[in-house]
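Peer 1: I'll drop the sequence and a predicted model, then ask my questions.
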Number of protein chains: 2
Amino acid sequence: MDENGGRAKNMKKAVVLLSGGIDSTVCLALAHRDGYELYPISFDYNQRHKRELDSARQIAEYYHCPRHLIITTNMDAIGGSALTGTMEVPEGDIERKDIPPTYVPARNLIFLSYAVGYAEVVGAERIYIGVNALDYAGYPDCRPEFIQRFQATVDYATKATTRDAQRIEIVTPLINLDKAGIIKLGMELKAPLHLTTTCYRGGEKACGRCDACLLRLQGFSRAGFQDPINYVHL
Amino acid sequence: MDENGGRAKNMKKAVVLLSGGIDSTVCLALAHRDGYELYPISFDYNQRHKRELDSARQIAEYYHCPRHLIITTNMDAIGGSALTGTMEVPEGDIERKDIPPTYVPARNLIFLSYAVGYAEVVGAERIYIGVNALDYAGYPDCRPEFIQRFQATVDYATKATTRDAQRIEIVTPLINLDKAGIIKLGMELKAPLHLTTTCYRGGEKACGRCDACLLRLQGFSRAGFQDPINYVHL
């Protein structure tokens, strides 16, 4: 192991934003298939539940990642979200096109910014983020226009602008996939979907009722696979 | 006071990145002069010392800010900086043009990203950041090119892109000033420079030897003012 925990000096490295959900886990599986040494980054931001973070840890272990950076932040102090505040968890409204109450202001912007710092320190050439424009049309910072502009910013934000250092490329392999497509891809890649957490409520078993559960179940159904996790209501 | 702590519903609001140093304090003074209700944001990221943060708190109180958001984050876990790690504090090298060892990877990118979320939640139309291109030529994320691209990203990162919401403008009023110019401006605005902390060592009295102290002292000298803080070696 070298000083950054890497096992192979010549292996190219990728930072992967890993929430512990399906999308980020499929991203990790893709980065693994693409031959990268994996440097996942996860966030403990006083989410309503820690189960997602436990999943992220297990998934990072599953892939024997040399380092898993967990950033702790009180970003919930910013306010303004059902995921960190006291608003109701939304139910039964997965077709909405406006910005949902689970939107955390600037969350992907903040997450990606940390990922850039991490990528610079470990010498990663890529940052994988599992945003997709279809299921999350309501979140401004999941859109291709946002990612393109963030890439332009990154090209001027790091040492790579002033030294002969590695350019960091933001990659969004899921951007044009729907949940069913992401699940199919995950199954092909043998991604550990049994370790993922999706439910907004974060119980030992998924609730099967919140929007996140509904989107997941609909995705598995459309993909033609059985969801390997346990549900309360099924 | 409204739900965000604001005292005047019709008063326009500005988020100000407030480190507790001279530059950010002069930014706060400028935003105050420009008629904004002030929403400073500061960061507790396991800096070598907390004195800067104490200064930031005192400065926010000095201006009777309705809210002072302090983000706590283990961004030091990313590694790679003398300000958060175990590298030596640099001395006597204030003319260097390369990237100094006190550079924290992606720090301004991370700080600005939080500021964007905060601005969105409080409804601020501006974010003031005290970057200046002259003294900090070595830091990529202090340059106008970076700020311009970040602005383009912000225009696609928030609710304002999809709703009739407030556009958030990043303003860098110090970008073309040197330290002497910033100090002159601060004196004109009666900014509480006596409350600021600059020294990398963060003792009760400033060391007067580190690069940060040297730049500060040189700035006061060139501006023709006496520095109101106490030094060990003077």
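Peer 2: Now that the structure is in, tell me what you want to look at.
Peer 1: As a check, name the ranges of all helices in chain A.
Peer 2: Secondary structure of chain A (DSSP state H): helices located at A:22-33, A:51-62, A:107-122, A:144-154, A:179-188, A:211-223.
Peer 1: Give me the contact list for the first one.
Peer 2: Counting by Cβ atoms under 8 Å, 6 or more residues apart in numbering or on different chains, the neighbours of helix A:22-33 from elsewhere in the structure are A:14, A:16-18, A:38, A:40, A:56, A:59-60, A:63, A:126, A:128-132, A:173-174, A:179, A:182-183, A:185-186, A:189-193, A:195-196, A:198, A:216, A:219. For glycine as for every other residue, the C-beta is placed from the backbone atoms N, C-alpha and C.
Peer 1: Quick check: mean pLDDT of that helix?
Peer 2: In this model, helix A:22-33 has a mean pLDDT of 98.
Peer 1: Please tell me how far residue A:131 sits from residue B:17.
Peer 2: Counting by Cβ to Cβ, to the nearest Å, the separation of residue A:131 from residue B:17 is 27 Å.
Peer 1: Ok, residue A:42 next?
Peer 2: From residue A:42 to residue B:17 the distance is 26 Å (Cβ to Cβ).
Peer 1: Quick one: mean pLDDT for the longest strand along chain A?
Peer 2: With secondary structure taken from DSSP state E, chain A has its longest strand at strand A:37-44. Computed over strand A:37-44, the mean pLDDT rounds to 97.
Peer 1: could you give the angle of that strand to helix A:51-62?
Peer 2: 160 degrees (axes from the mean of the first three to the mean of the last three Cα atoms, to 10 degrees).
Peer 1: Now find how far off-centre strand A:37-44 is within its chain.
Peer 2: Distance, stretch centre to chain centre, for strand A:37-44: 9 Å (Cα atoms, centre = their mean, to the nearest Å).
Peer 1: Return the per-residue confidence for the residue nearest to residue A:231 when sequence neighbours are not counted.
Peer 2: Leaving out its chain neighbours, the residue that sits closest to residue A:231 by Cβ to Cβ, 6 or more residues apart in numbering or on different chains is residue A:208, at 4.2 Å. pLDDT, residue A:208: 94.
Peer 1: Also residue A:136?
Peer 2: For residue A:136, the predicted pLDDT is 59.
Peer 1: Any stretches of chain A with poor pLDDT?
Peer 2: A:1-9, A:48, A:81-103, A:135-138, A:159-166, A:233-234 (pLDDT under 70).
Peer 1: Please spell out the PyMOL selection for the buried subset of the contacts of helix A:22-33.
Peer 2: Selection of buried members from the contacts of helix A:22-33 for PyMOL, criterion 16 or more other Cβ atoms under 10 Å in any protein chain shown:
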select buried, chain A and resi 14+16+17+18+38+40+56+59+60+63+126+128+129+130+131+132+173+174+179+182+183+185+186+189+191+192+193+195+196+198+216+219
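Peer 1: so what's residue A:41 up against?
Peer 2: Counted by Cβ under 8 Å, 6+ apart, residue A:41 has contacts A:15, A:16, A:17, A:18, A:68, A:69, A:70, A:71, A:111, A:114, A:115, A:118.
Peer 1: can you give me the angle the longest strand of chain A makes with helix A:107-122?
Peer 2: 140 degrees.
Peer 1: Need the CA coordinates for strand A:37-44. PDB is fine.
Peer 2: Taking C-alpha atoms only, strand A:37-44 is exported to PDB below (Å, rounded to 0.1, in the frame of the first residue of the first chain):
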ATOM      1  CA  GLU A  37      -8.800   1.600  -8.400                       C
ATOM      2  CA  LEU A  38     -11.800   2.800  -6.400                       C
ATOM      3  CA  TYR A  39     -11.900   5.800  -4.000                       C
ATOM      4  CA  PRO A  40     -15.400   6.200  -2.800                       C
ATOM      5  CA  ILE A  41     -16.600   9.300  -0.900                       C
ATOM      6  CA  SER A  42     -19.700   9.400   1.300                       C
ATOM      7  CA  PHE A  43     -21.300  12.000   3.400                       C
ATOM      8  CA  ASP A  44     -22.600  12.000   6.900                       C
END
